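Q: Predicted model and sequence follow; I will ask about them next.
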Amino acid sequence: MWRSLGGSFSVNTYVVVVNSTGQYLGTHAYCSIGQLRGGPQGGYQEVYTDGLNNWWANNTYWSNQWADPQFVVNCLNLPGAGI
């Protein structure tokens, strides 16, 4: 459990383009997919962590489906969250 000593936070936004594998997003308290850009074309979009506040993203083809041209990942930075 973490405790923030201040009331401030910031958000970083990253664009993950098609055919990206293991795109490093940096060190953040939390990251999630914010918006798919382009049509609902399928593919495989993933945001994942190593459990130590390091985050990566993939945007790849899957089962012969085109991946979305790009998607947006929003990452939250919290003071005192162990980062």
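A: Alright, I've got the coordinates. Numbers count the residues shown, from 1 in each chain.
Q: Can you spell out which residues form a bridge with the residue nearest the centre of the chain?
A: The centre of the chain sits closest to V73, judged by C-alpha atoms, centre = their mean, with a distance of 4.0 Å. Note on V73: beta-bridge partners by DSSP bridges are Y14, I33.
Q: Was I right to think it contacts H28?
A: No. Assessed by C-beta atoms under 8 Å, V73 is found out of contact with H28, at 9.6 Å. Where C-beta positions appear, they are placed from N, C-alpha and C, glycine not excepted.
Q: Pull up the overlap in contacts between these two.
A: W55 (C-beta atoms under 8 Å, 6 or more residues apart in numbering).
Q: Check W2 and give its pLDDT.
A: As predicted, W2 sits at a pLDDT of 54.
Q: What of W66?
A: Value for W66, per-residue pLDDT: 70.
Q: Pretty sure it sits against G43.
A: Yes. Using C-beta under 8 Å, W66 is in contact with G43, at 6.0 Å.
Q: anything in contact with each of those two?
A: V18.
Q: Of those two, which one has the most company?
A: G43 (21 against 13; other C-beta atoms under 10 Å).
Q: In this structure the more buried one contacts N64, no?
A: No. Using C-beta under 8 Å, G43 is not in contact with N64, being 10.1 Å away.
Q: buried residues in the helix or strand hosting Y48?
A: Following DSSP states H and E, the helix or strand that holds Y48 is strand 44-49. Of all the residues in strand 44-49, those buried under the rule 16 or more other C-beta atoms under 10 Å are Q45, V47.
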